[in-house]
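1. based on what follows, work out the 3D shape:
(one chain, ligands or ions: 1)
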Amino acid sequence: MSKGERANFGSKLGVILASAGSAVGLGNIWRFPYETGNHGGAAFILIYLLCVLILGMPIMISEFIIGRHSRANTARAYEVLAPKTQWKWVGFMGVLAGFLILSYYSVVAGWTLEYVIEAGADGFAKKGPEDFINAFQSFSQDPFRPVLWLVLFLLMTHFIIVKGVKNGIEKSSKIMMPLLLVIIFVLVGCSLSLPGAEKGLEFLLKPDFSKVDSNVFLGALGQAFFSLSLGMGCLCTYASYFSKETNLGKTALSVGVLDTVIAILAGLIIFPAAFSVGIKPDAGPSLIFITLPNVFQQAFSGAPVLAYIFSLMFYILLAVAALTSTISMHEVVTAYLHEEFKISRNKAAGLVTGGCIFLGIFASLSLGIAKDYTAFSLGIFDLLDFVTAKIMLPLGGLLIAIFTGWYLDKKVVWEEISNGGKLKVRYFKLFIFILKYIAPVAISLIFVNELGLI
Ligand code: PHE
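-> Numbering: from 1, shown residues only. Predicted coordinates:
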């Protein structure tokens, strides 16, 4: 496809909602609350906010610059901006990371569908905490049901991708993102009105700095990265569909604010409800699939209809949020195959979906019948999570910061960020300073810490 024919998002709102759709996902609603719970609450959130602002925003703008200036998929983008150099590997690594994350992320995304159906069939009624633990364990270890949901989830993603950038990604984001916001606000209202909700609110809003150690700081940094979809060229690919008029700085700010607000609202749903029924906030990754159904039942024991509506809405919300994220990962790989191997978009999408189903099945089975097959003592699911989130994303982000801060011609950076001089960009010097010095040092720290080297 030549440059002129390349697809574009049709509107400013479409750009923001699609990018925010990528960022907002299981990372906000599932991972953020349990990380916050594990790291002691408000102090973690404060540090998280700093990380989003100081590191997340500049790196997001960098991905936007790389994507829009090159108008290419993330692998080709580096060929365009830095021909015949080794920078192309940053792009390849991003495409590979997209494929690998999509494969195991879809497993968890598939679980949300099981819970939507379960909630819809009123399957949570009259159950106690033990039942929820057993139900989740037997479901996630089952060889068939999670696989079925995984396939279905990837087919839903496939369907939207095949529809294309404007009619698929943009249109679906314009419907799903507002829906998501409405559901979230209703749920926050419900959760805050529960008796004893204040304790949850206090946990979220009153920082206890005695709990802050280097682990908390680095945990917050990693969460910011995952949640904003940074480090693998996802937002870079979306930016290749931005128009010349898109204000990159403002778009990054809107996406960052939306992503952060939704994470905090997810905390406002989960913690007041958990405290209200005396459940500990540090239950870990099972917080959403084991603890929450129980929370809904106990919190609304006098009003089963509310328990029904509350749980059904919550899992629909989770599925919708996951879908707008899986679309963005799928697009990274589809755009790459379509443009580099000159195959049709549909065929490219088919290859990605098929490949992810294949790998996803192994990831899903590795939580049940295949759990004894391990490498580095990790099953496939955990291995994929470790290699992508803990190695590829931090490394990608680090290299993107260095690429924009040190390698890329500052005239190109200025031209993109100011739309050819039309916008005033007062933060330009600060932006470059952060990319050159602060981001590389800070990200190296997360990276080294996550690998257990310090
Ligand atoms: N940001 C997404 C979430 O919070 C996850 C994601 C990571 C999406 C990397 C795309 C790329 O769930």
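2. enumerate the residues of this protein near the ligand.
-> 22-23, 25-28, 101, 226-227, 229, 232, 234, 325, 328-329 (C-beta under 6 Å from any ligand atom). The C-beta positions use only the backbone N, C-alpha and C, and glycine is treated the same way.
3. which one in the residues you listed is the model shakiest on?
-> The member of those with the lowest pLDDT is F226, at 88.
4. quick one: that one and G27 touch, right?
-> Yes. Using C-beta atoms under 8 Å, F226 is in contact with G27, at 5.0 Å.
5. looking at these two, which one has more neighbours?
-> In terms of neighbours (other C-beta atoms under 10 Å), G27 is the more surrounded of F226 and G27; the figures are 26 against 23.
6. the more buried one and A224 touch, don't they?
-> No. Applying C-beta under 8 Å as the test, G27 and A224 come out as separate, 9.7 Å apart.
7. one step back: farthest-apart pair in the residues of the chain next to the ligand, please.
-> Taking C-beta to C-beta, the two most distant members of the residues of the chain next to the ligand are N28 and M232; they sit 17.3 Å apart.
8. one step back: closest to G405 out of the residues of the chain next to the ligand?
-> M232 (18.6 Å).
9. and the pLDDT for A266?
-> 91.
10. for the residue lying farthest from the centre of the chain, helix, strand, or coil?
-> Ranked by distance from the centre of the chain (C-alpha atoms, centre = their mean), the top residue is G302, with 35.6 Å. Three-state assignment for G302 (DSSP: H, G, I helix; E, B strand; the rest coil): coil.
11. show me what the helix or strand bottoming out on mean pLDDT in the chain is packed up against.
-> When the helices and strands of the chain are scored by mean pLDDT, DSSP states H and E, helix 291-299 comes last with a mean of 78. With contacts taken as 3 or more C-beta pairs under 8 Å, 6 or more residues apart in numbering; DSSP states H and E, helix 291-299 sits against helix 129-141, helix 248-276, helix 304-340.
12. how about a cut-off of 10 Å?
-> If you count contacts as 3 or more C-beta pairs under 10 Å, 6 or more residues apart in numbering; DSSP states H and E, helix 291-299 packs onto helix 32-38, helix 88-120, helix 129-141, helix 171-192, helix 248-276, helix 304-340.
13. got those helices as CSV, with mean neighbour count columns?
-> Shown next, in CSV, are these (neighbours: other C-beta atoms under 10 Å):
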stretch, mean neighbour count
helix 32-38, 24
helix 88-120, 23
helix 129-141, 16
helix 171-192, 18
helix 248-276, 23
helix 304-340, 23
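14. quick check: mean pLDDT across the helix or strand containing L154?
-> Using DSSP states H and E, L154 maps to helix 145-162. Helix 145-162 shows an average pLDDT of 95 in the prediction.
15. give the buried residues for it.
-> 145-147, 149-151, 153-154, 156-158, 160-162 (16 or more other C-beta atoms under 10 Å).
16. check stretch 202-209 too.
-> Neighbour-count burial for stretch 202-209, counted by 16+ other C-beta under 10 Å, picks out 203-204, 207.
17. just the C-alphas of it, formatted as PDB.
-> Taking C-alpha atoms only, stretch 202-209 is exported to PDB below (Å, rounded to 0.1, in the frame of the first residue of the first chain):
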ATOM      1  CA  GLU A 202      -9.400   5.600  53.100                       C
ATOM      2  CA  PHE A 203      -7.100   2.800  51.900                       C
ATOM      3  CA  LEU A 204      -7.200   4.300  48.400                       C
ATOM      4  CA  LEU A 205      -6.800   8.000  49.400                       C
ATOM      5  CA  LYS A 206      -4.800   8.200  52.600                       C
ATOM      6  CA  PRO A 207      -1.100   7.500  51.800                       C
ATOM      7  CA  ASP A 208       0.900   5.500  54.300                       C
ATOM      8  CA  PHE A 209       4.500   6.300  53.400                       C
END
